[in-house]
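Participant: quick check, what structure comes out for this input:
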Amino acid sequence: MSQQYSPEFKAEAVKRVLEQNHSMSQVSRDLKIAIQTLSNWVKQAKHGKPVTTPQHNAQTAALEVEVKRLKKALAVAEMEREILKKAAAYFANDTVRGTHS
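Facilitator: Numbers count the residues shown, from 1 in each chain. You can find the predicted model right below:
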């Protein structure tokens, strides 16, 4: 029977390898997990696949969709704001020069 590890445990193990530059052999010894198991988690993480449970993946995917939607809406709002700032500056200069009819 294979050992079940929590998503947090997997994420911490991968973080030690990828972000803290510990060797896989050292992390596998420290955490008492098979090096092949750790290697699989690291490969998944390098390919952008989170090492979590399926339920967590569904929640993460939904949040990622929402973040993408919000980023797009923010970009549109920022563009509109810049256009309005430029228009306000144009009309302010136009009024100062007295060229506005």
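Participant: please count neighbours and contacts with C-alpha atoms only from this point.
Facilitator: Will do.
Participant: and the end-to-end length of stretch 27-46?
Facilitator: Its first and final residues considered, stretch 27-46 spans 17 Å by C-alpha to C-alpha, to the nearest Å.
Participant: and the contacts of it?
Facilitator: Counting by C-alpha atoms under 8 Å, 6 or more residues apart in numbering, stretch 27-46 makes contact with 10, 13-14, 16-18, 24-25, 50-51, all of which sit outside it.
Participant: go through that stretch and flag the buried ones.
Facilitator: By neighbour count with 16 or more other C-alpha atoms under 10 Å, stretch 27-46 contains the buried residues 27-28, 38-39, 41-42, 45.
Participant: per-residue confidence averaged over that stretch?
Facilitator: Per-residue pLDDT over stretch 27-46 has a mean of 93.
Participant: returning to that earlier point: which of the contacts of stretch 27-46 has the largest number of neighbours?
Facilitator: Counting neighbours by other C-alpha atoms under 10 Å, residue 14 leads those with 26 neighbours.
Participant: so what does the closest residue to that one other than its chain neighbours look like in phi/psi?
Facilitator: Spatially, and ignoring its direct neighbours in sequence, residue 14 is nearest to residue 42 (5.6 Å; C-alpha to C-alpha, 6 or more residues apart in numbering). Dihedral angles of residue 42 (phi, psi; degrees, to the nearest 10) stand at phi -70, psi -40.
Participant: from residue 20, how far off is residue 42?
Facilitator: Residue 42 sits 13 Å away from residue 20 when distances are taken as C-alpha to C-alpha.
Participant: no further questions, thank you.
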